[in-house]
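Chemist: Got a sequence here, can you model it:
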Amino acid sequence: MTPLRSTLTRLLSPLLSLLLVAGLGFGLGGCVTTGLASAATSPWQPVPLSTRSNPLDVAFTDSNHGFLVGSNRLILETDDGGASWEERALELPPEENFRLLSIDFQGDEGWIAGQPGLLLHSTDGGQNWSRLFLDTKLPGEPYLITALGDRHAELATNVGAVYETRDGGSSWQANVSDAAGAVRDLRRSDDGRYVSVSSLGNFYATWDPGQTVWQPHQRVSSQRLQSMGYQPDGNLWMVTRGAQMRLSSTATPDPEATETETWTKPIIPITNGFGYLDMAWDPQGRIWAGGGSGTLLSSADNGRTWQKDSVGAEQGTNFTRILFPGDGKGFVLGERGYLLRWVG
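Modeler: Next up, the predicted model:
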């Protein structure tokens with residue numbers, strides 16, 4: 001080999017190796033699904049809010065009048081079904097910065113649960129709110145409130161304690177003798193069942209009315225749990241780290257069985273580096289999943305195929321909750337004051 005050829009070989013070898021690695025990278029990258037087709041139309045409409053706080057829950061007294069609550073004492077009111085919102089104020093100590101986590105109404109009687117240690121009650125459609133002072137021995141902090149009827153409500157805390165009142169909050173009765181432990185997510189079905197996800201996402205627990213303790217369950221994969229809830233038919237759904245979803249097919253778990261639910265294989269609609277935070281079913285039965293960086297996807301065939309929502313993709317936020325509170329209404333809640341309204 002001539003000196004010139006030897007010199008060229010030494011110079012070109014690193015370059016050829018780099019090109020080979022880059023080519024392999026492009027080839028392997030093509031095996032990963034990083035995008036989905038966008039739906040031709042979107043049923044969602046952005047609603048501007050005059051806040052940078054995080055919306056956390058929505059509830060209505062009738063078809064037009066309702067409230068939205070959230071972090072930093074956020075409470076907004078609507079009289080047009082959620083098309084526009086105006087700020088309201090609560091008579092709370094100005095030095096305390098409450099997170100209003102949960103709101104619910106039965107007609108004009110409403111309840112708000114928040115942290116730290118906040119429970120509010122209204123009997124006039126939310127025009128006036130009275131603060132109910134909870135027992136300091138209450139396990140955990142208020143997390144989820146459910147209005148059940150005249151002066152009747154159910155309160156769950158962030159450690160899975162479940163309490164019930166039938167006298168407007170003057171007294172509370174414990175419905176479970178042993179709390180579930182610190183939770184990152186807690187949901188209630190329409191028939192009174194609960195599912196909770198542990199704070200570390202390493203297991204979940206269920207509780208049915210009449211049971212004295214929570215029933216713990218191991219997670220079904222190595223992926224840690226993010227959130228869980230109930231499908232319209234009463235079955236469970238779960239979202240895990242790694243942008244995976246699963247659906248269960250057993251509506252009523254058997255606490256005596258080793259495996260209490262039969263779960264689908266993981267559903268992974270898109271790999272874009274952002275996980276999912278919530279799932280919900282719209283009035284037409286379509287599944288919606290929302291998550292980081294404007295991720296909002298829908299499936300009309302029970303999770304087999306998915307489409308990306310173009311309106312959601314335009315929002316510079318993380319979608320944390322998807323709610324369909326009934327009467328044809330729907331909302332997607334996003335961090336820093338983002339809100340989408342269902343227009344069908």
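Chemist: Any idea how far stretch 220-234 is from the middle of the chain?
Modeler: Offset of stretch 220-234 from its chain centre (CA atoms, centre = their mean, to the nearest Å): 11 Å.
Chemist: Which positions in it come out as buried?
Modeler: 220-221, 223-231 (16 or more other CB atoms under 10 Å). Just so you know, the C-beta spots here come from the backbone N, C-alpha and C atoms, and that holds for glycine as well.
Chemist: what's in contact with that stretch?
Modeler: Residues outside stretch 220-234 that contact it (CB atoms under 8 Å, 6 or more residues apart in numbering) are 184-185, 187, 189-191, 193, 195-198, 200-204, 219, 236-242, 244, 246-248, 251-252, 263, 266, 275-281, 285.
Chemist: These in helices, which ones?
Modeler: Counting by DSSP state H, these place none of their members in helices.
Chemist: quick one on the thing from earlier: farthest pair in the buried residues of stretch 220-234?
Modeler: Spatial extent of the buried residues of stretch 220-234 (CB to CB) is set by the pair 224 and 231 at 21.4 Å.
Chemist: Was I right to think residue 117 contacts residue 140?
Modeler: No - under the criterion of CB atoms under 8 Å, residue 117 makes no contact with residue 140, lying 10.0 Å away.
Chemist: all helices for this protein, in order.
Modeler: Using DSSP H, helices in the chain cover 3-29, 310-313.
Chemist: rank the ones you listed by mean pLDDT and give me the bottom one.
Modeler: When the helices of the chain are compared on average pLDDT, helix 3-29 comes out lowest at a mean of 40.
Chemist: which residue sits closest to residue 320, ignoring its sequence neighbours?
Modeler: Nearest residue to residue 320, sequence neighbours excluded (CB to CB, 6 or more residues apart in numbering): residue 277, at 5.2 Å.
Chemist: Hmm, that neighbour is touching residue 296, no?
Modeler: No - using CB under 8 Å, residue 277 is not in contact with residue 296, being 10.8 Å away.
Chemist: When the two are compared, which one has more neighbours?
Modeler: Ranked by neighbour count (other CB atoms under 10 Å), residue 277 and residue 296 place residue 296 first, with 25 against 21.
Chemist: Quick check: the more buried one vs residue 113, distance?
Modeler: 27 Å (CB to CB, to the nearest Å).
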